[in-house]
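S.K.: Make a model of this:
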Amino acid sequence: MQFAGCGTALVTPFQPDFSLDDAALRKLVQRQLNAGVDFLVPCGTTGENPTLTRREHLRVVEITMEEASGKVPVLAGAGGYNTQEVIELARELESLGADGLLSVTPYYNKPTQEGLYQHYRAIARATRLPIILYNVPGRCGTNLEPSTVKRLAAVENIVGIKEASGNISQMSALANAVPDDFAILSGDDAIALPLFALGGRGVISVASNEIPAEMVQLCRHGLRGEFDEARAIHRRFLPLMEINFVESNPIPVKAALALMGLLELVWRLPMVPPKAENLERIRGVLESLELVERSSVAVAGVAN
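M.R.: Sure, this is the predicted structure:
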């Protein structure tokens, strides 16, 4: 399976003038590669893709591919509620040389299960790239049900799902519904470990932006059934996994990376800096895990 283990849902760094920070992105990708991540996921929700122009979207994927240089697969974000626009983006990403597509369910318009099936089937017919479905009903307002995923798993180039429903019962039903070679990937860091016990193949991780080597080890132990070792990592870093969602993703993770000196503290609207009290909570978790030095200095530019 091309997309298994630890995949990082990469943030997109911006410069203070809100333009792409190409240099910072390259450094982030190299940090991921040095830590041994299994695949990279640019331009997902964590990458603030709704605020990227088409040109910027392609540029972020292109830079990620240049730095990855074939060492690990690149699973590029390609989702949306306009099926034809998603198809056009998918074709452009295929021409660019991406290794696969991560395609979130159409949001806001709440299609039926048949509509979701036809949406993904149309995308799959338009590209030769392998497709990972992305189910995140808390953000999109629509749940991709196991019975629909079972139908989609019969489409040749739909090869897996990023499951972020947070519903363990649904994940269990999903594992029973799909073929063994269909990859179920956790969309939540905190649920990756229990999903391994159900047959999950990996995680598309937010926390691996901050702790790539540790998330790689959690996945490797989990996939080998070494649950004592995996639990130890999970327990140590659970506070980080949780604080990453103290406000809407990717606000906390980008704040953490800024505190770690890895990027500028910049989001594009409607994302805004975290509340001052939440920034201090993020800093506290990072300090407790020795990811930053203890300091009383505030980060410049963070508003209350």
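S.K.: Tell me which stretches of the protein form helices.
M.R.: 22-35, 54-68, 83-96, 113-126, 137-140, 146-153, 168-177, 192-197, 212-223, 227-243, 251-259, 276-288 (DSSP state H).
S.K.: Quick one: low-confidence residue ranges for this structure.
M.R.: The model of the chain has pLDDT under 70 over residues 295-304.
S.K.: and Thr12, which of the helices of the chain is closest to it?
M.R.: helix 54-68 (5.8 Å; CB to CB). Glycine gets a C-beta too; all of them are placed from N, C-alpha and C.
S.K.: ok, and for that closest one, which residues are buried?
M.R.: 56-65, 67-68 (16 or more other CB atoms under 10 Å).
S.K.: related to what we said a few turns ago, need the helices of the chain in TSV (columns: distance to Ile161).
M.R.: Formatted as TSV, the helices of the chain follow (distance: least, CB to CB, whole Å):
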stretch	distance to Ile161
helix 22-35	22
helix 54-68	21
helix 83-96	16
helix 113-126	10
helix 137-140	13
helix 146-153	6
helix 168-177	7
helix 192-197	11
helix 212-223	17
helix 227-243	20
helix 251-259	22
helix 276-288	30
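S.K.: so which of the ones you listed gets nearest Met1?
M.R.: helix 212-223 (10.6 Å).
S.K.: so which of the helices of the chain gets nearest Ala9?
M.R.: Here helix 251-259 is closest among those (CB to CB), at 8.9 Å.
S.K.: ok and the closest one relative to helix 22-35, angle-wise?
M.R.: 90 degrees (axes from the mean of the first three to the mean of the last three CA atoms, to 10 degrees).
S.K.: Could you name the helices and strands sitting against helix 251-259?
M.R.: In terms of contacts (3 or more CB pairs under 8 Å, 6 or more residues apart in numbering; DSSP states H and E), helix 251-259 is packed against helix 227-243, helix 276-288.
S.K.: Swap in 6 Å and give it another go.
M.R.: helix 276-288 (3 or more CB pairs under 6 Å, 6 or more residues apart in numbering; DSSP states H and E).
S.K.: got the angle for the helix it packs on vs helix 227-243?
M.R.: Using the same axes, to 10 degrees: helix 276-288 against helix 227-243 is 150 degrees.
S.K.: How far does helix 276-288 sit from its chain's centre?
M.R.: 22 Å (CA atoms, centre = their mean, to the nearest Å).
S.K.: if I read this right, Asp99 contacts Pro73, doesn't it?
M.R.: Yes. Counting by CB atoms under 6 Å, Pro73 is a contact partner of Asp99 at 3.9 Å.
S.K.: Common neighbours of those two, please.
M.R.: Residues touching both Asp99 and Pro73 (CB atoms under 6 Å, 6 or more residues apart in numbering): there are none.
S.K.: which other residues reach stretch 30-44?
M.R.: Contacts for stretch 30-44 (CB under 6 Å, 6+ apart): 3, 5-10, 49, 57, 60-61, 64, 67-68, 71-77, 102, 204, 212-213, 216.
S.K.: Leu101 contacts Pro130, correct?
M.R.: No. Taking contacts as CB under 6 Å, Leu101 lies outside contact range of Pro130: 7.4 Å.
S.K.: what about the two, which has more around it?
M.R.: Leu101 (26 against 21; other CB atoms under 10 Å).
S.K.: For the more buried one, name its beta-bridge partners.
M.R.: Going by DSSP bridges, Leu101 is paired in beta bridges with Ala76, Ile131.
S.K.: Next, work out how far apart it and Pro73 are.
M.R.: In this view, Leu101 and Pro73 are 11 Å apart by CB to CB, to the nearest Å.
S.K.: In stretch 17-24, which residues are buried?
M.R.: So, applying 16+ other CB under 10 Å, buried residues of stretch 17-24: 20-21, 24.
S.K.: do stretch 214-224 as well
M.R.: Within stretch 214-224, judged by 16+ other CB under 10 Å, the buried ones are 214-223.
S.K.: Give me the distance from stretch 108-115 to the chain's centre.
M.R.: Using CA atoms, centre = their mean, the offset of stretch 108-115 from its chain centre is 23 Å.
S.K.: To clarify, my last question referred to stretch 160-171.
M.R.: The answer for stretch 160-171 is 14 Å, by CA atoms, centre = their mean.
S.K.: Likewise for stretch 211-229?
M.R.: That offset, for stretch 211-229, works out to 17 Å (CA atoms, centre = their mean).
S.K.: Would you mind listing the outside residues contacting it?
M.R.: So stretch 211-229 is contacted by 5-6, 32, 35-37, 193, 196, 202, 205, 207-208, 230, 233 (CB under 6 Å, 6+ apart).
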